Each structure stands twice: as C-alpha cells, then as structure tokens.
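> Fold the following, please.
(2 chains)
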Amino acid sequence: MGLLRFATAGSVDDGKSTLIGRLLYDTKSIFQDQLDSIEATSIQMGNDYTNLALLTDGLRAEREQGITIDVAYRYFATPKRKFIIADTPGHVQYTRNMVTGSSRADLVLILIDGRHGMTEQTRRHAFLTSLLRIPHVVVCVNKMDLIDYDEQAFEAVKKEFQNFAMKLEIPDLTFIPMSALHGDNVVSRSPNMEWYQGSSLLHHLEQLHTASDRNHIDARFPVQYVIRPQSGEYHDYRGYAGTVVGGVFKVGDEVLILPSGLTSTVASLESFDGPVSEAFGPMAITMRLTGDIDISRGDMICRPNNRPQSSRYVQSMICWMSEKLEFEPGMKLAIKHSTKSSRVIVADLQYRINLETLHREMNPDSLALNEIGRASLQTTEPLFFDEYRRNRNTGSFILIDEATNATVAAGIIVGSGV
Amino acid sequence: MSITAYELSHLDTLEAESIHIFREVAAEFERPCLMFSGGKDSLVMLHLASKAFWPARLPFPIIHIDTGHNFPEVLEFRDQVIEKLGARLLVASVQQSIDDGKVVEETGPRASRNRLQITTLLDAIEEHRFDALFGGARRDEEKARSKERVYSFRDNFGQWNPKNQRPELWNLYNGRINQGEHIRIFPISNWTEVDVWQYIRREKIVIPNIYFAHNRQVFSRDGMWLADSEYVTRTEDEKVLTRKIRYRTIGDMSCTGAVDSDAETIEQIIEEVSATRITERGETRADDITSETSMEDRKKEGYF
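Sure, this is the predicted structure:
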C-alpha cells in the first residue's frame, strides 16, 4: 500500500471544508468524539447544521474569528492507499499557505463553484500549481446540485479552465462534477449525473499512478550526515547517510563527488535491516564508498556522466513570505538548499508576476508578502542543483532572514548564470 | 524492505521521512535530546533513531520527565530498553520541582501532575542547554497538533506561538535559533495511530505489557476506567472493580484512562484500533477533555 499526498485549494465558500469532511466521514476517518465536539460547538455558535469546517479549524483564534490561519494536515486511509491532506485556507495569506501545503504534494484538488465558474482565486491556484510542478491536478466542479446536475454547465467550466491552463504546465488534468454536500461523485459515482463517465474522486485518488512522477534517471545523493561509530567493532567504519533524491544507486556503480570532483565506487548500501542492492528516492540509506575520500555534509554524490549544475549564480522564482520585510536587490540572506546552508546576495530582480493577469511587471523595486518574481542570486559557495522542473528536491531552496531566523521565501530554480 | 517498481510502501515512506529528520537534526544542532515516556510512540521514535545512526550509537541522550505518577511496569520497561540500547538516560523529576518549591502540587480528587511537568521540562532544557528536543507527537492526535510544524520553534520561555510558525517547505527544515531558544522536533508528525501499530508489528518492537488486555482494579470517572492507585483520591461514589482492560495510551496513572478490551496480541490491537470510533486522546486522556483548546493552551506554555 502506497502513500499519496494531496493539497486542497479553493476560495472561501466553494465547499472545500465540506468536501474534506465528506472524504473523512465516508472513509470512517472522523471519530465519534470529534463529531460530538464539533456538534456541540456548532450549536453553541448558533449554526443550524453541524459545521464540518470546525474539524479543520482547531486553534482558538480560528474558532473565535471563524477563519483558518494555517495549513492543517489530515489523514485517512482506504484499503488501497494512505492519504495525507494538506488543507490550505483559501483567503488571507493564500500564496504562502498554498505554496507551503503543496510543496510536497503529488496532487492538488482545485474546487470551483459550478454556479460561478473560475474566479481570480482559481486562476492564482492554477498558476501556483503549475509553478510548483504538482504532477496531478483534479478540478472539482462543485455544487452541481444547485445547477440541476447540468452537463452543459459542467462542460462550460471545464472549457474555461482548459483554455486558461493552456498557458500553464499541468501534466495531468482531470475534471469531476460533484456535490460535496450530497456526496455526488465523491466516494461513489452519482446516479444524478449519468452523463459523467469518469471516476468518483476517491476512486481517482486510489488509482492514480504516481511511480513515474519521481526522477529515476538523474542519480542524486546529497550527503546529510557522516556516520563514524568510534567503537571497537566498527573502528574504521565511515558511512555517508542521506536520502536519495533522484535516480537509482546500485552497488558497484561508479560515482562522482562534488565539489571535489573525485570518483569512487559504491561499496555497499546499508541500513539497520541489512544491506540493499539498490537505492532510490525517497529511501534514507547509508552509502559506503571504496577508497579513502574526504566527504562531508553538503557534498553531492552523483554519476560521472550525469552531474547536477554547480554554480554560485542561480536564476530562480521567489515566493516571498514575510510580512515584515520586502525582497529587494542587494539584500543578503541565508539559504538552505538540499543539505547545504550558505548565504546569498540578491543580484537582480527581473520581474514580478501579476497573479491576476499572469503578466510580467518588469524591474520592480521589491517583492512584498505573497508576491512572486524572478530573481538572480549569487551564493557564497557553489550549489549543486538541477532545474526544479527536473528535480523538485535539488531544484528548491528556502531563504532565511539572518536577523530574525524566519523563513522568508520559497525558491524554485529555473536556471544558472547571471 | 518491500520494493516493487521503485515504489515504497506507506510504512517505508514514513520511516524514510522520519530517519531523514533525525539525521538532519543531529547534523545541524549542537545539543539535541530525545524525550521518552515509555509509550508506544516514544518506542517507535527510539527504534527510528537507532536506524538513523546505525551502526553508531545515538548521538544524543534521552530524557524522561518523571512525574512520580508512572505505571511501575513502564518505569521498569524504560530502564531495560535504554540499557539494551546503550543510550544515556537523564531523568528530570517533577517531585524535585515540587520539593524545590518551583511548582505547587494540585489538590483534590482531580489533582494531576500533568501541567507541573511543563516547569520540570523547561528547567531541564535550560540546565542541559538543549537546543533541539525530539518528541513523539503526531498530527492525527489532536487538532492543535494538526497545525504544528515538524520543527516547532520555541522562544526562550519555551512557548509555542501558533500564529507565528515558520513556513515548512519541501523537506527543507529551518533550524536556526538564537541562544536560549530551542526547537521541538516531531519526526513522526505524519504517522497515524494505526501506522504506529502496524510498524510495531512489522519491526517487532517490544512494548510495555499494559498495552495488552489484562485484569486490573479500576474505577469509573468521566466515562473512563482509571486505575486505583495511591496517586488518585477516589470519591465515595467511585467504587473499585476488576475489569479486563488495556491501555491505548500511556501517561500518568492519575489521568490515563484504560479501555475495555480482549486484545492480547498486536494483531488484535490493530483490529481494535482500526475499528474504533473514538480518538485515543478523547478516550483515554482526562487532561485533554477539560476544554476544547486545552492542548493548545498547554502547548503555548511549553508542553510536549
């Protein structure tokens, strides 16, 4: 049984909480005491019905103000798969939350109210999904019950989204007409929409093929930690621990180590449970190499004929996340990329993306909270990276404000050079 | 390890994610420490940590916040496990905090040392200058926890501020802190109760025997079975009887409820847990059902 991570996106009243509530309820993942608790709170708040949004709004401020302030994680399982939902709020701080919640997602659910079609929010969500290279997108055209389960209405929304998505890169796009409130096409096919020939949402999530989403070609092993037991039994043991973030490593493979450029051979791939003959992402293993080479955290193990780019100049898309600071040329920040921590200076801010029109606004002075733009960065030491489109792990980074230690940006690498 | 077409099973994926977090912390922090209670989650944590650093020993000590109200079976079990691992155990005692006058024992039939542990824990962090503390909390346990980061920043009062959490992107964790601050690290954030049990079965992790059904002298309070012990004061109406129960979670004897059960094997526990309609904390923790936001309130003060 595998694991699927998905994020949910949608505007405030499109029924996102209802949909999550229904998925959890119908897969028996809501517990009786949780239901009792939200029923009691609903009554106390004067609601006519049990407000399933309370399931995800756990914090005091959220309950008091009726808002969702952060990403919440939910879990459910069917006999076929385990699911992790990153539930991101649709309004305030939407970019920051959605980028955070979707950064590890295999799939994003975008909800659209069938009565209204695409909104500004939908366009932003679709753009962010494409920017973050989420391999699979499901557009749930919701509230079909309020438009008489009309096929033409569904087709119109679908057409509208498809036209917009032509400008984006979304590899796998699926449309499902549904009523989250009544459960139409959520867990099982709806008798109210015989014209719809596709799967229910849950069936789609269970069957989705995700094995090809990972990069199994470019072997990448960032050294995370060096294991040296210093004990009698393992006196000369030296193992490189880390998580495989691309490709496949096999015992006997010739490897190249960056930044030294030295080559060696994989002597063994080890784990607590014994040796393995090959390792692939996202396995966390310990690699031992032949010969006596000096390797430390932050180094990258790859193949001699397939190495990542190594450069101090990085072209990137920046999602700015600080409300206190603005991102601007000349700024110095700390960067964490893969297992390497370094410092950067912002060399240039080329453009900002207008999230409503997707137009580029050239040479802006700065990026404010929730704004996205393209910038070149210069690092104090070389980074070993791939373009994000090839590898989500070696192509991403975070920026940290050195004064407050706050994480202030998510970065996506689009190229090297100035 | 089950390998088919370069895909990992859900347990292998969760395990790899947790091991990655343990290693990241060991690499980036100077003085990490693992909080251990003897319960199933902390046993899974110890097992994962052993895997992360094998064949080396754990590169950090283990701390137990001893409330003095533990199940004796669990204390004995703790010492055996730590000795077998060859790890270093530190014990911070709530009784000591009381004797030193730092906290005052609650009184009355519902007295508990649950809240007092916060002071003992924060004092121990200060004394040992820990900069990272591993905890076995899971996001499926409780609604405040469902919004907490894997790296959960604490200021120099040990406080959690839910409104000001660092965004956590990809698997890039920001461990930067100033002197006196620390980070609580939750490597099994994404595990569910069922995942934990399935993993215990798969890895053959030994757990304290009070998780299995046994006969015990109990009394009923707030819809839970509490063990009759020297740490609780019963009211006149609270009559002791013998029932076949098991513990679904392990905490203090004074506030951890038992559930009626016939589950004598891990298989039977997994069956029981998979079929239950009540959350583990709702069913077994008197401290969590005091109010809607009691976990959030305690966490803000520095709770686990």
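> Got the confidence number for residue 131?
Picked chain A for this. Listed pLDDT for A:Leu131 reads 93.
> actually chain B
For B:Asp131, pLDDT reads 96.
> And it, how close does it get to B:Cys33?
Between B:Asp131 and B:Cys33 the distance is 9 Å, computed by C-beta to C-beta, to the nearest Å. For glycine as for every other residue, the C-beta is placed from the backbone atoms N, C-alpha and C.
> go on, A:Arg74?
Taken as C-beta to C-beta, the span from A:Arg74 to B:Cys33 is 30 Å.
> A:Ser179 too?
Taking C-beta to C-beta, one finds A:Ser179 at 51 Å from B:Cys33.
> Mind listing residues that contact whichever strand or helix holds B:Asp41?
Using DSSP states H and E, the secondary-structure element containing B:Asp41 is helix B:40-53. Here helix B:40-53 makes contact (C-beta atoms under 8 Å, 6 or more residues apart in numbering or on different chains) with A:227, A:241, A:271-273, A:284, B:15, B:18-19, B:22-23, B:26, B:34-36, B:58-59, B:62, B:81, B:85, B:87, B:134, B:136-138, B:187-188, B:191, B:196-197, B:199-200, B:203, B:205-207, B:211, B:249-250.
> Show the subsequent helix or strand relative to it.
strand B:62-66.
> Just the buried positions in whichever helix or strand comes after that next one, please.
Toward the C-terminal end, the helix or strand that comes next after strand B:62-66 (DSSP H and E) is helix B:72-85. Buried residues in helix B:72-85, counted by 16 or more other C-beta atoms under 10 Å in any protein chain shown: B:73-74, B:77-78, B:81-82, B:85.
> now stretch A:194-204
A:196, A:199-204.
> still on that earlier bit, using PDB, write out every CA atom in the helix holding B:Asp41.
Written as PDB, here are the backbone C-alpha positions of helix B:40-53 (Å, rounded to 0.1, in the frame of the first residue of the first chain):
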ATOM      1  CA  LYS B  40       4.400   3.300  22.000                       C
ATOM      2  CA  ASP B  41       5.200   6.500  20.200                       C
ATOM      3  CA  SER B  42       8.400   7.100  22.000                       C
ATOM      4  CA  LEU B  43       9.400   3.400  21.500                       C
ATOM      5  CA  VAL B  44       8.900   3.900  17.700                       C
ATOM      6  CA  MET B  45      10.900   7.100  18.000                       C
ATOM      7  CA  LEU B  46      13.800   5.200  19.700                       C
ATOM      8  CA  HIS B  47      13.600   2.500  17.000                       C
ATOM      9  CA  LEU B  48      13.800   5.000  14.200                       C
ATOM     10  CA  ALA B  49      16.700   6.900  15.800                       C
ATOM     11  CA  SER B  50      18.600   3.600  16.200                       C
ATOM     12  CA  LYS B  51      18.000   3.000  12.400                       C
ATOM     13  CA  ALA B  52      19.100   6.500  11.500                       C
ATOM     14  CA  PHE B  53      22.500   6.300  13.100                       C
END
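> looking only at pLDDT, what's the mean for it?
96.
> now it: how far from the chain's centre is it?
12 Å (C-alpha atoms, centre = their mean, to the nearest Å).
> now the angle between helix B:40-53 and the helix or strand where B:Glu15 lies, please.
For B:Glu15, the host element (DSSP H and E) is helix B:10-28. Here the directions of helix B:10-28 and helix B:40-53 differ by 70 degrees (axes from the mean of the first three to the mean of the last three C-alpha atoms, to 10 degrees).
> by contact count, what packs against helix B:10-28?
strand A:2-9, strand A:225-227, strand A:239-243, strand A:284-289, helix B:40-53, strand B:132-134, helix B:193-203 (3 or more C-beta pairs under 8 Å, 6 or more residues apart in numbering or on different chains; DSSP states H and E).
> Out of those, the one nearest A:Asn97 is which?
Proximity to A:Asn97, assessed across the helices and strands packed on helix B:10-28 by C-beta to C-beta, is greatest for strand A:2-9 (9.4 Å).
> List the strands paired with the closest one, with their directions.
strand A:81-87 (parallel), strand A:107-113 (parallel) (DSSP bridges).
> what are the ranges of the helices in chain B?
Applying DSSP state H to chain B gives helices spanning B:10-28, B:40-53, B:72-85, B:94-99, B:117-128, B:193-203, B:266-275, B:280-284, B:294-301.
> no, scratch that, I was asking about chain A
Using DSSP H, helices in chain A cover A:16-26, A:32-44, A:53-56, A:60-65, A:94-102, A:120-131, A:151-165, A:201-207.
> who's more crowded, A:Ser179 and B:Cys33?
A:Ser179 (25 against 22; other C-beta atoms under 10 Å in any protein chain shown).
> For the stretch 151-300 of chain A, which residues are neighbours of chain B?
Neighbours of chain B within the stretch 151-300 of chain A, by C-beta under 8 Å from any C-beta of the partner chain: A:210-211, A:214, A:216, A:224-225, A:227-231, A:233-234, A:237, A:241-243, A:248, A:271-273, A:276, A:278, A:280, A:282-284, A:286, A:297.
> Just give me the neighbour total for A:Gly2.
Using other C-beta under 10 Å: A:Gly2 sits among 18 other residues.
> For it, give me the pLDDT.
A:Gly2 is assigned a predicted lDDT (pLDDT) of 90.
> What of A:Gly66?
In the prediction, the pLDDT value recorded for A:Gly66 is 58.
> Break the chain down into its structural domains.
Picking chain A for this. Residue ranges for each domain of chain A read A:2-211, A:221-302, A:309-416, as given by automatic domain parsing.
> The chain in question should be chain B.
B:10-195+B:293-301, B:208-288.
> low-scoring pLDDT stretches of chain B, where are they?
For chain B, the stretches with pLDDT under 70 are B:1-4, B:286-293.
> Make a ChimeraX selection of the buried ones in the contacts of helix B:40-53.
Buried subset of those, written as a ChimeraX selection, criterion 16+ other C-beta under 10 Å:
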select /A:227,241,271,284 /B:15,18,19,22,23,26,34,35,36,58,59,62,81,85,87,134,136,137,138,187,188,191,196,197,199,200,203,205,207,211,249,250
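> Any residues of the stretch 301-418 of chain A in contact with chain B? List them.
Going by C-beta under 8 Å from any C-beta, the residues of the stretch 301-418 of chain A near chain B are A:321, A:334, A:336-337, A:339, A:341, A:392-393, A:396-398, A:400, A:405-407, A:410.
> And the furthest pair within these?
The largest separation in these, counting by C-beta to C-beta, is between A:Arg392 and A:Asn405 at 24.7 Å.
> re the thing from before, select, out of the helices of chain B, the one closest to A:Asn192.
The nearest among the helices of chain B, by C-beta to C-beta, is helix B:266-275 at 32.0 Å.
> Check which residues of that closest one are buried.
Buried, per 16+ other C-beta under 10 Å, within helix B:266-275: B:266, B:269-270, B:272-273.
> for it, packing partners?
Using 3+ C-beta pairs under 8 Å, 6+ apart, helix B:266-275 sits against helix B:193-203.
> what is the orientation angle of the helix it packs on with helix B:266-275?
Going by the same axes, to 10 degrees, helix B:193-203 makes 160 degrees with helix B:266-275.
> Give me the contact list for helix B:193-203.
A:77, A:82, B:10-11, B:14-15, B:40-41, B:43-44, B:47, B:138, B:140-141, B:188, B:191, B:205, B:207, B:266-267, B:269-270, B:273-274, B:280.
> Report how many residues lie close to the nearest residue to B:Ala27 once chain neighbours are set aside.
Nearest non-adjacent residue to B:Ala27, counting by C-beta to C-beta, 6 or more residues apart in numbering or on different chains: A:Tyr225, 4.6 Å away. Using other C-beta under 10 Å, A:Tyr225 has 24 neighbouring residues.
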